[in-house]
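Visitor: Got a sequence here, can you build the structure:
(chains A and B)
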Protein chains: 2
Amino acid sequence: MDYKKIEGGGITSPKGFLAGATYCGFKSKNPEKPDLAVIYSEKEATCAAVFTTNIFCAAPVILDREILKKGKARAVVINSGIANAATGQKGIDNAKAVEKKAEELLGLGEDQVFVSSTGVIGQQLPVEKALKGLEKIVPTLSREQGTDAAYAIMTTDTVKKESAMEVEFSGGKVTIGAMAKGSGMIHPNMATMLVYITTDAKIEQAELQKYLSASVDDTFNMLSVDGDTSTNDSLFLIANGASGVEIKTKEDKEKFAKLIKEICLDITLRIARDGEGATHMIVSHANNLPTDKDARLVAKSIVCSSLVKTAIYGKDANWGRIMAAAGYSGAKFDVSKADCFLESKAGKIAVMEGGFGTDFDEDKAKEILSEEEIYITVDLHDGDACATAYGCDLTYDYVKINGDYRS
Amino acid sequence: MDYKKIEGGGITSPKGFLAGATYCGFKSKNPEKPDLAVIYSEKEATCAAVFTTNIFCAAPVILDREILKKGKARAVVINSGIANAATGQKGIDNAKAVEKKAEELLGLGEDQVFVSSTGVIGQQLPVEKALKGLEKIVPTLSREQGTDAAYAIMTTDTVKKESAMEVEFSGGKVTIGAMAKGSGMIHPNMATMLVYITTDAKIEQAELQKYLSASVDDTFNMLSVDGDTSTNDSLFLIANGASGVEIKTKEDKEKFAKLIKEICLDITLRIARDGEGATHMIVSHANNLPTDKDARLVAKSIVCSSLVKTAIYGKDANWGRIMAAAGYSGAKFDVSKADCFLESKAGKIAVMEGGFGTDFDEDKAKEILSEEEIYITVDLHDGDACATAYGCDLTYDYVKINGDYRS
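Guide: Have a look, this model is predicted:
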């Protein structure tokens, strides 16, 4: 679709959104590392969200699910360093205290502030520190602090993750922005993915939720770094209408749905690239299978396979592992016609054609796999359903990061 | 159950079984490394088998499924080094040629020899070498060569895997023996698990298959080294009745079923201990869940979690990861009463009780996790279904073994 990327843009790129961040001491002893962030919409807003399916979900997720029912939240408070998961009723009370304090300071009614946490599971949030942090942040909220917020929610991400785009609708220009954390872990249990998307489009809540949920299936739900689903995963989309542009016509709705998917994909790729210890991003395309479900199973199975991930790390065109992962994915298809291709900026080669291995050039294969972004395509010639999944390689550093003793 | 382990015993411990092995050059240039093995029953035998669910299954698996229909095979020919997978009709023809040659040399009728392969996917088996190897092996088959066969089927296993037991039934003594390969990989794609069980009990084929299939659910199907299901996984059980002991009474049948499960468990543990690059074996018990399915999902999810596996490698009592893995397993249960324990020869500690983290002694936890065999128990107090799963830690060496370029 036709859109303009906003260089350096993020959650405050859309009109009417402010942000702020400060240091509370949840994450680090270094006061240069902020660990509390606020996103705030100056105008009334509609919102949509998607949360972890892990039944050991964190206290903020339990609270946010309630707040989402009204669909009218205007702010999010996010802390990094402590996940507030497996913390029982006290954890919920603490998350609620943060919500109440933010509502009071921002002059909002009840159920208008979401709360997110990411960090170590099983520790209680030092709630007084969070409340004091809010007192510092709220008076200073500004459009200039979007990137500060993006830094504050990082745990061991190696890069901040922000994105923003502008698109013309029938009623005028709409801006959409996002920030996220995820896929970096040094301090254990910080596997959480948190994503915040803001837009100044005006749109009904039910539509907003529909587009967000639909986008997730092909983007975040097709992403895997290590197969471990966090207790805290959350994705929020807040639309405040500040552009004055209402999404009402059929064409605009379709365009808006595409825009949401586009920014979700952009963030998905950023997280895959910054996977823990990763040296390669892996994108796997499963083409021409009998059903969408089959295609999704195959694409995701390839990107989740430890053997595929270590082969890519080793720059080894080990296509047997790719086809084995397709074969145990649970998808049903005819195996006799399969093709398999490896591709990167350095070129593209067929490693399997019509169900047989080709006599490919190993040097060329190694050259292709020496690039950072690797595309694996499996074509089964047994239907017309296609799917794409996103991931990264499995490296010594993944083991190092996650095998290090907690400190 | 009451049985006697036979020290140094294996597939030729039961009466009437012979074995042999030789070097063909499939696996290594070193003629000290045999890569073709034969197991042979001197008497007519009934047999049962279970094969990979991977739809990209290897040629020998396709052939063996046909042979199993008659249930009367008396021998198995196994090669290591080449998997004969993704090899099309030619691969099936090659496997068939090996079967035919063995039947001819052993003086057997058709469909009486199973064929197994393990090794690199996508290469054709040099079938002439295999046929010559058979000519060498068959005249020299003996009871003394059980261990030679166990060595010949190894790929990068660090230890040979054999087991044998004796049990008294109402009609007299029955012996059961087994050999296996699995979980070692240096040369890529050698992830296959191959298991061969022999017994001199006399028993009907349908019963034999029933007991074998039932045993698999709680043993091999609860084992994971890296989540990748091979194209060649095969498990065979051959009963030749040479002991003269018929398994007919209800009590004997129950005892025999337990014996099969016992030897499957023994081999499962040997494979888990020798997992690629592993420094710890991990056994996870999921206790007191609503249904068997829930318990199995939780036990297996824990042992498959990369984050749990790296934590155990790091000797880190990171129980948040264990509960997160239970939570995303797909099982349904009440999370509010969960207990979690870590145990080894060095002792046992509760890290979570009644849904909350305990104030456990980190030094003691590290001492416990410094042992080689680690037991994780999760008790949900929400039903009475229990399950156990088996695996190993995720280490630098796993990445090294599987990331190395094929050579």
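
Visitor: any idea how far A:Glu32 lies from chain B?
Guide: A:Glu32 sits at a distance of 27 Å from chain B (criterion: C-beta to the nearest C-beta, to the nearest Å). From N, CA and C alone the C-beta is placed, and that goes for glycine too.

Visitor: next one: A:Met1
Guide: Here A:Met1 is placed at a distance of 33 Å from chain B (C-beta to the nearest C-beta).

Visitor: Repeat that for A:Asp233.
Guide: Counting by C-beta to the nearest C-beta, the gap from A:Asp233 to chain B is 10 Å.

Visitor: how about the helices in chain A?
Guide: Under the criterion DSSP state H, helices of chain A are mapped to A:59-68, A:88-106, A:127-137, A:146-152, A:205-218, A:250-273, A:292-304, A:306-313, A:319-327, A:362-369, A:396-403.

Visitor: Is it possible to get JSON lines of these that adds mean neighbour count and mean pLDDT?
Guide: Formatted as JSON lines, these follow (neighbours: other C-beta atoms under 10 Å in any protein chain shown; pLDDT from 0 to 100):
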{"stretch": "helix A:59-68", "mean neighbour count": "21", "mean pLDDT": "93"}
{"stretch": "helix A:88-106", "mean neighbour count": "19", "mean pLDDT": "96"}
{"stretch": "helix A:127-137", "mean neighbour count": "19", "mean pLDDT": "98"}
{"stretch": "helix A:146-152", "mean neighbour count": "24", "mean pLDDT": "95"}
{"stretch": "helix A:205-218", "mean neighbour count": "18", "mean pLDDT": "90"}
{"stretch": "helix A:250-273", "mean neighbour count": "20", "mean pLDDT": "90"}
{"stretch": "helix A:292-304", "mean neighbour count": "24", "mean pLDDT": "93"}
{"stretch": "helix A:306-313", "mean neighbour count": "28", "mean pLDDT": "90"}
{"stretch": "helix A:319-327", "mean neighbour count": "28", "mean pLDDT": "88"}
{"stretch": "helix A:362-369", "mean neighbour count": "16", "mean pLDDT": "95"}
{"stretch": "helix A:396-403", "mean neighbour count": "22", "mean pLDDT": "81"}
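
Visitor: Just put those helices in JSON lines and tack on distance to A:Phe26.
Guide: Putting the helices of chain A into JSON lines (distance: least, C-beta to C-beta, whole Å) gives the following:
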{"stretch": "helix A:59-68", "distance to A:Phe26": "13"}
{"stretch": "helix A:88-106", "distance to A:Phe26": "12"}
{"stretch": "helix A:127-137", "distance to A:Phe26": "7"}
{"stretch": "helix A:146-152", "distance to A:Phe26": "10"}
{"stretch": "helix A:205-218", "distance to A:Phe26": "28"}
{"stretch": "helix A:250-273", "distance to A:Phe26": "22"}
{"stretch": "helix A:292-304", "distance to A:Phe26": "31"}
{"stretch": "helix A:306-313", "distance to A:Phe26": "32"}
{"stretch": "helix A:319-327", "distance to A:Phe26": "39"}
{"stretch": "helix A:362-369", "distance to A:Phe26": "40"}
{"stretch": "helix A:396-403", "distance to A:Phe26": "20"}
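
Visitor: Using JSON lines, please lay out those helices together with distance to chain B.
Guide: Below are the helices of chain A laid out as JSON lines (distance: least, C-beta to the nearest C-beta, whole Å):
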{"stretch": "helix A:59-68", "distance to chain B": "11"}
{"stretch": "helix A:88-106", "distance to chain B": "6"}
{"stretch": "helix A:127-137", "distance to chain B": "17"}
{"stretch": "helix A:146-152", "distance to chain B": "22"}
{"stretch": "helix A:205-218", "distance to chain B": "16"}
{"stretch": "helix A:250-273", "distance to chain B": "16"}
{"stretch": "helix A:292-304", "distance to chain B": "8"}
{"stretch": "helix A:306-313", "distance to chain B": "4"}
{"stretch": "helix A:319-327", "distance to chain B": "3"}
{"stretch": "helix A:362-369", "distance to chain B": "7"}
{"stretch": "helix A:396-403", "distance to chain B": "4"}
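
Visitor: Enumerate every residue touching the residue nearest to A:Pro34 when sequence neighbours are not counted.
Guide: For A:Pro34, ignoring the flanking residues on the chain, the nearest one in space by C-beta to C-beta, 6 or more residues apart in numbering or on different chains is A:Ala152 at 3.9 Å. Neighbouring residues of A:Ala152 by C-beta atoms under 8 Å, 6 or more residues apart in numbering or on different chains: A:21-22, A:34-37, A:78, A:80.
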